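A.B. asks: here is my input; please provide its structure:
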Amino acid sequence: MSVALNIAVLTISDTRTMDNDTSGQYLCDALQESGHTLADRYIEKDDMYLLRARVSAWIADPGIEVILTTGGTGFTSRDSTPEAIGPLLDTPIDGFGELFRYLSYQEIGTSTVQSRTLGGRANGTLVFCVPGSTGACRTAWEGILKEQLDIKHRPCNFTELIKKGTQYAEPSASS
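C.D. replies: Below you'll find the predicted structure:
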């Protein structure tokens, strides 16, 4: 049986609203279709300090286990997600950004080098920051997160890392 995780979605944009936020909506729909719970959703301006405040509050909330952000990971002067979120991470997951860019390269070619996608763990909460396009959100979800947030995925998955030793431990075959 799968484990439903409590996941918060943050869209980082100066122009998006709930009515036109297709990327955030995609992530909300995808996580719920996979059996997870949407714990919270918010749209925040691309401001480093507002982003840190919002994500820090979610990291401190014991009811939120995963945070997905979309937007602000590019290479322009307005993109501040890596600078805002990176310092909050206790342990970066370097392979997340590397694998995302590999998958993205197959879709958009060398333009993927401008993606500063990142992931990590902070206070037992997993945090993943992906680009703002709906296509990039789909690439991250379908190519990495869907499997890694599924307790049944082997040989390992991110769900096992969340608050290790709690009810998420999958029973052994001999149980």
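
A.B. asks: quick one: the strands in this protein?
C.D. replies: 6-12, 37-44, 66-70, 91-92, 118-122, 125-130 (DSSP state E).

A.B. asks: okay, now the sheet partners of the last one, with direction.
C.D. replies: Sheet pairing of strand 125-130 (DSSP bridges) gives strand 66-70 (parallel), strand 118-122 (antiparallel).

A.B. asks: quick one: average pLDDT of that strand?
C.D. replies: In this model, strand 125-130 has an average pLDDT of 96.

A.B. asks: ranking the strands paired with strand 125-130 by burial, who's on top?
C.D. replies: Among those, the stretch with the highest mean neighbour count (mean count of other Cβ atoms under 10 Å) is strand 66-70, at a mean of 26. All C-beta atoms are positioned from the backbone trio N, CA, C, and that covers glycine.

A.B. asks: and the angle for that strand with strand 6-12?
C.D. replies: Angle, strand 66-70 to strand 6-12, by axes from the mean of the first three to the mean of the last three Cα atoms, to 10 degrees: 20 degrees.

A.B. asks: quick one: contacts of strand 66-70?
C.D. replies: Contact partners of strand 66-70, identified using Cβ atoms under 8 Å, 6 or more residues apart in numbering, comprise 5-12, 23-24, 27, 31, 36, 51, 55, 58-59, 81, 85, 125-132, 136-137, 145, 149, 158, 162.

A.B. asks: may I have that strand exported as PDB, CA atoms only?
C.D. replies: Provided in PDB are the C-alpha atoms of strand 66-70 (Å, rounded to 0.1, in the frame of the first residue of the first chain):
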ATOM      1  CA  VAL A  66       7.300  17.600   1.100                       C
ATOM      2  CA  ILE A  67       7.500  21.100  -0.500                       C
ATOM      3  CA  LEU A  68       7.400  21.500  -4.200                       C
ATOM      4  CA  THR A  69       8.200  24.900  -5.600                       C
ATOM      5  CA  THR A  70       7.800  26.000  -9.300                       C
END
